[in-house]
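Engineer: From the sequence below, what's the structure:
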Amino acid sequence: MTIDHIDLSRIDLNGLVALDALLSERSVTRAAARVGIGQSAMSSSLARLRILFGDELLTRAPEGMRPTPRALALAEPVRTLLRQVQSLVRRDETFDPRTVTRTFTLGLPDSTEVLLGPKLLAYLRAEAPGISLLLRSIDRIRILQELDADRVDLGIGFFTEGQTHHKRRLLYRDNYLCMFNASLVGVTPPISLEDYLRFPHVLTSLKETAHGVVDDALAKLGLHRTLAVTTPRFLAVPFLVRSAPVLTTMHARLATFFAGALGLSVSPAPVDLEEVSVSLLWHASYDDDPAHRWLRATILRLAEADPPGTGFTAAR
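Structural biologist: The predicted structure follows:
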């Protein structure tokens, strides 16, 4: 398509920046703060945008401002365009992790944070002291919305959903182990299926439902287990297990870490459980961002550098 320079000259790039902020924040006040202008200036930008696109774009609603269908259709193309412009302008900049100053927001579960967080923090303080992290706990569905709204730079977790503009890279694969306090349970590894069903279990569920992958596996055998506690917090589980004659089944990498730290026992689960994949997830418009690309490579390298015996296979 031939570029109509005269027609394009009518479009102010600052207007698209304002539109992106308005669609992300759905508030004139918050959008103005995000861009760094006054509220009246942002209101004027919205008025010009409505004329440009021939649409209200945002309408008042009880919960704030609601985007019109036209605005929702514009959101992703506008954000992609702005990131491409930003990448084009910065393309020739030399990225030096030792001198760059930037904050990255990462969405990840506490289980991944406890394993990866310390190594990543130590590496950043030594090699990139100007880079700081804002860690947020986000589920696998909401992460897509947060990436699209530019509120999260990178997600780490068990992701199965996504669109073409959500880029994914396998970080590592993990399996499952059963973990328990052998002195309270009176069982030594490997645990039998009979003992596995005899003791009550602790389940971690982010969905607030008392059902997990173990229950699905047992159901195929016509069996079921008894649950003593269901919690959304992975970090609470080892302390619950240490205090009572109960079992838990969790990702092997995490179970091995907790068992070593708290003197607990681990055993292969006596039921077949599918391997899980932990991935990096980001918005495609950050593919060529030097700092973002460096952080992704750093996380991949740290995952691959884990010593043997942690119960996982790094992605190759």
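
Engineer: Below-threshold pLDDT in the protein: ranges please.
Structural biologist: 1-10, 87-94, 208, 306-316 (pLDDT under 70).

Engineer: any idea where the helices of it begin and end?
Structural biologist: Assigned by DSSP state H, the helices in the chain fall at 5-8, 13-25, 28-35, 39-53, 69-90, 110-127, 142-148, 182-185, 193-198, 213-220, 237-243, 252-262, 290-304.

Engineer: Which residues does the fifth one contact?
Structural biologist: Contacts of helix 69-90 with the rest of the structure, by C-beta atoms under 8 Å, 6 or more residues apart in numbering, involve 13, 16-17, 19-20, 23, 53, 55, 57-58, 67, 148, 150, 165, 283-286, 288-290. Backbone N, C-alpha and C define where each C-beta goes, glycine included.

Engineer: now do the fourth one
Structural biologist: Here helix 39-53 makes contact (C-beta under 8 Å, 6+ apart) with 10-12, 14-15, 18-19, 21-22, 28-29, 31-32, 35, 37, 56-58, 70, 74.

Engineer: mind checking how far that helix is from the chain centre?
Structural biologist: 33 Å (C-alpha atoms, centre = their mean, to the nearest Å).

Engineer: about what we covered before: separate out the buried members of the contacts of helix 69-90.
Structural biologist: Neighbour-count burial (16 or more other C-beta atoms under 10 Å) applied to the contacts of helix 69-90 gives 16-17, 19-20, 23, 57-58, 67, 148, 150, 283, 285-286, 289-290.

Engineer: What residues does the most centrally placed residue in the chain make contact with?
Structural biologist: Nearest to the geometric centre of the chain sits residue 155, at 2.7 Å (C-alpha atoms, centre = their mean). Shown in contact with residue 155 (C-beta under 8 Å, 6+ apart): 106, 107, 108, 138, 143, 146, 147, 280, 281, 282.

Engineer: can I get these in a markdown table with distance to residue 175?
Structural biologist: Below are the contacts of residue 155 laid out as a markdown table (distance: C-beta to C-beta, whole Å):
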| residue | distance to residue 175 |
| --- | --- |
| 106 | 24 |
| 107 | 24 |
| 108 | 20 |
| 138 | 24 |
| 143 | 23 |
| 146 | 29 |
| 147 | 28 |
| 280 | 20 |
| 281 | 21 |
| 282 | 26 |
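
Engineer: Residue 191: which of the residues you listed is nearest?
Structural biologist: Set against residue 191, the nearest of these by C-beta to C-beta is residue 108 (29.9 Å).

Engineer: Now do the contacts for the closest one.
Structural biologist: Per C-beta under 8 Å, 6+ apart, neighbours of residue 108: 116, 135, 136, 137, 138, 155, 156, 157.

Engineer: farthest pair in those?
Structural biologist: Distances among the contacts of residue 108 were taken as C-beta to C-beta; the most separated pair is 116 and 138, at 15.1 Å.

Engineer: Return a ChimeraX selection command for the buried portion of the contacts of residue 108.
Structural biologist: A single ChimeraX command selects the buried members of the contacts of residue 108 (16+ other C-beta under 10 Å):
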select :116,135,136,138,155,156,157
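
Engineer: Looking at the contacts of residue 108, spot the one nearest residue 258.
Structural biologist: Nearest to residue 258 among the contacts of residue 108, with distances taken as C-beta to C-beta, is residue 116, at 15.0 Å.

Engineer: Now do the same contact list for that closest one.
Structural biologist: 108, 156, 299, 302, 303.

Engineer: From residue 245, how far off is residue 298?
Structural biologist: Counting by C-beta to C-beta, to the nearest Å, the separation of residue 298 from residue 245 is 42 Å.

Engineer: tally of neighbours for the nearest residue to residue 35 once chain neighbours are set aside?
Structural biologist: Among residues not flanking residue 35 along the chain, residue 21 sits closest, at 5.0 Å (C-beta to C-beta, 6 or more residues apart in numbering). Neighbourhood size, residue 21 [other C-beta atoms under 10 Å]: 23.
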